[in-house]
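Participant: Dropping the sequence and predicted coords here.
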Amino acid sequence: MKQFLTLGFSLLVFSLIAQNTPHNPTSNHGNKFEALGTMLPTPNEYRTASGAPGHKYWQQRCDYDIKCELDEKNLKLTGSETVTYYNNSPDVLTYIWLQLDENQHNSVNNANYQNSSSFGKDVNITTLQRLEEAKTDNGYGDKISLLTDALGKNLKYTINKTMMRIDLPSPLKPGQTFTFKCNWSYKIPDRIAEFSRGGYEYFAEDGNYLFTMAQWFPRLCVYSDYQGWQNHQFTGNSEFALTFGNYKVAITTPADHIVMATGECTNYTTVLNAKQQARWTKAQVAKEPVEIVTLDEATDAEKTKSTAKKTWNFSANMVRDFAFGSSRKFCWDAMPAMVEGKKVMCMSAYGKEAYHLWRPYSTKVVAHTIKTYSKFTIPYPYPVAQSIEAANGMEYPMICFNYGRTEKDGTYTEANKNGMIGVITHEVGHNFFPMIINSDEREWSWMDEGLNSFVEYLTEELWDNKFPTRRGPAFGAVDYMKLPKEQLEPIMTNSENLISLGNNAYTKPSCGLNILRETVVGRELFDFGFKEYSRRWAFKHPTPADLFRTMNDATSENLDWFWRGWFYSIDPCDIAIDTVKHAVFADVAMPAPTNNENKTVSLSKPLVNAFEDISKIRNREDKRIVFAVDADESLRDFYWGYDRGNPAYDSTIKVPVSDRGGREVLTNDEKSKYSNTHLYEISFSNKGGLVMPIIVEFTFEDGTKEIERIPAQIWRRNENKVSKVFMTIKKATAIKLDPMKETADVNESNNTWGNVDAEPSKFSIFKAKQAARGSSNGVNPMQALMPKQH
């Protein structure tokens with residue numbers, strides 16, 4: 001028996017070693033198509049192999065009852081909270097951890113994660129001042145003045161930088177709750193100077209403040225089945241892991257402030273005047289945004305600063321955080337949006353500096369965003385969605401802070417308008433990722449930023465087919481992926497260790513998901529899988545494995561090769577045409593078509609400029625799609641018309657996607673039929689290392705084109721070189737790989753054979769557009785930009 005046990009153990013060890021040992025590096029057959037296996041955590045009763053929550057899945061809950069006061073004169077916030085923590089885990093807890101994010105601003109109690117520095121670029125007066133400040137306490141950060149249990153008995157606690165541990169008076173068993181009270185205060189930082197998520201912005205011109213209060217109260221860390229306590233220090237880079245719960249929050253501010261916050265205000269009747277209350281009532285059924293607080297009212301409030309106080313009460317259920325904005329500068333407008341029969345109040349607040357850009361756009365962008373995200377994920381579940389202008393971009397449940405100010409005369413550039421639309425879409429979209437599909441941002445930034453950037457891309461595409469969206473088209477990742485390998489890092493890199501956060505957490509994941517949707521899986525299957533992931537993990541804590549497994553499970557596609565290559569490696573896509581052999585049909589065996597050929601896809605409008613990607617083309621040709629700027633023509637400004645002057649499209653592109661298999665010898669009649677058939681044997685090499693589908697465009701003597709699509713699995717038996725025979729009824733004059741830039745190929749110089757027309761440069765495209773537009777309309781752009789008064 002002992003011998004059998006020893007043998008069994010040896011086999012187990014050998015199996016585990018084999019799973020983690022790379023194949024012979026000199027072999028043509030590597031491990032790019034092997035299952036992820038032990039790279040993913042072992043499925044269990046909490047998280048299944050299908051990617052769904054298991055039958056014993058659990059998560060904690062934490063409810064807050066908070067009272068706070070914003071002291072504008074002294075730039076200080078004081079608060080008290082009663083917190084009830086629910087232990088839904090199967091574990092006995094002897095302590096709990098809370099986040100004290102404001103300690104990030106303290107010169108002594110911050111996380112003290114330091115980066116490499118050197119003379120020159122890293123040494124200036126600011127860094128010298130901070131090096132000096134680090135030697136003494138600058139007074140910022142959370143000051144805990146009381147911490148007791150529900151009966152008022154003091155609790156023992158320990159603060160370690162940005163984390164606070166509370167030692168429980170008795171073990172907290174599964175199914176039990178623990179209630180405690182905490183009083184705290186902190187100096188509010190200058191958000192602009194500190195480049196902080198929360199704090200104040202001071203407007204010297206009118207002597208007023210705009211407060212964005214974020215990460216402002218002691219909050220419970222997440223305790224989960226896959227990690228235990230997520231109590232990694234907050235450095236200001238990677239964001240948050242938070243526990244769902246219900247909130248009741250009372251916010252006392254100067255009486256002339258307007259407060260916008262997570263959740264619903266429960267005392268508008270006491271904090272709004274009669275006119276504002278009437279406008280709020282009108283807004284409930286409005287078709288256009290209604291100003292609750294007008295520009296004139298906000299401007300008047302700036303001049304006469306009230307010394308009285310007012311308390312705003314808010315309630316929010318099943319949220320993971322709470323934030324608010326407060327200022328007498330705020331104009332405020334609102335309108336409802338219907339999401340699957342449920343009314344959501346979409347709102348915006350902004351100062352006079354942003355009025356002429358935000359008034360016509362912000363709330364409509366909020367409405368468009370929640371409706372579009374709801375189609376691709378789950379129906380928006382909250383009663384409110386709002387956007388606050390605060391010269392930044394940051395997200396919290398039901399509220400976000402964004403940028404987009406005009407010139408002093410009210411004019412704005414097209415880039416400023418598009419930037420505003422983009423940041424509002426992105427930050428409002430964060431309500432879904434990670435506010436509802438609640439991933440761990442501190443561990444995997446890409447799970448919220450990347451997924452959100454992807455759906456932002458889909459949403460911007462449906463706003464306006466010519467919107468200059470950045471993070472979505474496959475070619476958007478090329479500039480990053482072609483960098484030297486020492487400058488690259490896998491998407492799966494921990495958030496704190498990322499060198500290039502924008503590329504790794506936003507752009508590359510978003511582009512990868514779009515490649516899956518448009519090129520690998522197809523829209524229908526991908527959309528089903530992505531919605532299923534969102535449905536399964538709404539109001540839960542998903543991990544990367546849950547996403548990967550759900551997409552495999554819901555699409556019936558084994559995408560491990562894609563997850564391995566795109567998310568775990570730094571290999572770029574660089575597929576080259578090595579050789580092309582051409583023959584006219586002779587007495588040879590021909591491939592016989594099977595009965596499961598894919599349908600032909602007609603693409604009548606090819607890529608014509610840097611923003612013309614395959615998603616734009618398919619969206620434009622899908623007659624079921626109505627873009628926001630077409631459904632609501634009030635969204636069209638001067639720039640909308642100015643951008644319609646693109647060069648004429650080539651209507652000859654057709655995309656038959658064929659799948660041929662088997663071989664047979666043709667009869668004489670068949671030989672006669674195919675006597676003018678052309679055969680092309682093309683050999684390809686994978687120079688970049690990343691396996692991808694092979695997309696081949698043939699250009700024929702008569703100028704027509706045809707595209708063949710070969711799935712990535714062609715590389716599964718040889719990851720370095722493959723060849724493929726193609727059959728055409730016309731003679732090709734040119735062959736080109738990836739003509740629509742769908743695979744993020746980093747080197748297009750080896751993608752062609754024959755007489756391929758050189759692609760126009762960006763400058764030549766610009767000149768063509770200018771010529772097409774001409775000056776016939778006689779419109780002065782700056783005059784067209786002048787906003788109308790509302």
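Facilitator: Structure's in. What do you need? Numbers count the residues shown, from 1 in each chain.
Participant: Report how many residues lie close to Phe432.
Facilitator: 24 (other C-beta atoms under 10 Å). The way it works is simple: take the backbone N, C-alpha and C, and place the C-beta from them, glycine included.
Participant: Just give me the neighbour total for Thr270.
Facilitator: Neighbours of Thr270 (other C-beta under 10 Å): 12.
Participant: Wasn't it part of a strand?
Facilitator: No: going by DSSP: H, G, I helix; E, B strand; the rest coil, the assignment for Thr270 is helix, not a strand.
Participant: residue contacts, it?
Facilitator: With C-beta atoms under 8 Å, 6 or more residues apart in numbering as the criterion, no residue contacts Thr270.
Participant: so what's Phe244 up against?
Facilitator: 59, 61-62, 318-320, 438, 539.
Participant: Can you show me the CA trace of the host helix or strand of Lys508 as CSV?
Facilitator: Lys508 belongs to helix 508-515 when assigned by DSSP states H and E. The C-alpha trace of helix 508-515 is given here as CSV (Å, rounded to 0.1, in the frame of the first residue of the first chain):
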residue,chain,number,x,y,z
LYS,A,508,-4.9,47.3,-23.7
PRO,A,509,-7.8,45.5,-21.8
SER,A,510,-10.4,47.6,-23.7
CYS,A,511,-8.8,46.9,-27.1
GLY,A,512,-8.5,43.2,-26.2
LEU,A,513,-12.2,42.9,-25.4
ASN,A,514,-13.1,44.7,-28.6
ILE,A,515,-10.9,42.3,-30.6
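Participant: and after that helix, which helix or strand comes next?
Facilitator: Assigned by DSSP H and E, the successor of helix 508-515 is helix 523-537.
Participant: Figure out how far the helix holding Lys508 is from the centre of its chain.
Facilitator: Helix 508-515 has its C-alpha centroid displaced from the chain centroid by 10 Å (C-alpha atoms, centre = their mean, to the nearest Å).
Participant: now it: mean pLDDT?
Facilitator: For helix 508-515, mean pLDDT rounds to 98.
Participant: if you skip the residues just before and after it, what's nearest to Gly529?
Facilitator: Leaving aside its sequence neighbours, Gly529 sits nearest to Ala554 (C-beta to C-beta, 6 or more residues apart in numbering; 3.7 Å).
Participant: and what of Tyr140?
Facilitator: His105 (4.0 Å).
Participant: need the contact list for the one you found.
Facilitator: 138, 140-141, 189, 194, 196.
Participant: Compare the residues you listed and tell me which is most surrounded.
Facilitator: Result: Gly141 is most packed of the contacts of His105 (other C-beta under 10 Å), 24 neighbours.
Participant: So the closest residue to that one other than its chain neighbours versus Lys187, what's the distance?
Facilitator: In space, and not counting its chain neighbours, Gly141 is closest to Asn106: 3.2 Å by C-beta to C-beta, 6+ apart. With the distance defined as C-beta to C-beta, to the nearest Å, Asn106 ends up 10 Å from Lys187.
Participant: shared neighbours, those two?
Facilitator: 139-140.
Participant: the more surrounded of those two?
Facilitator: Shown here are Asn106 and Lys187; by other C-beta under 10 Å, Asn106 has more neighbours (22 against 18).
Participant: Correct me if wrong: that one contacts Asn138.
Facilitator: Yes: Asn106 is in contact with Asn138 according to C-beta atoms under 8 Å; the separation is 6.5 Å.
Participant: Next one: the residue nearest to Gly529, what pLDDT does it get?
Facilitator: pLDDT, Ala554: 98.
Participant: Which residues are in contact with it?
Facilitator: Taking C-beta under 8 Å, 6+ apart, one finds 51, 525, 528-529, 532-533 in contact with Ala554.
Participant: Looking at the residues you listed, which two lie furthest apart in space?
Facilitator: Gly51 and Leu525 (15.0 Å; C-beta to C-beta).
Participant: who's more crowded, those two?
Facilitator: More crowded of Gly51 and Leu525, by other C-beta under 10 Å: Gly51, with 25 against 17.
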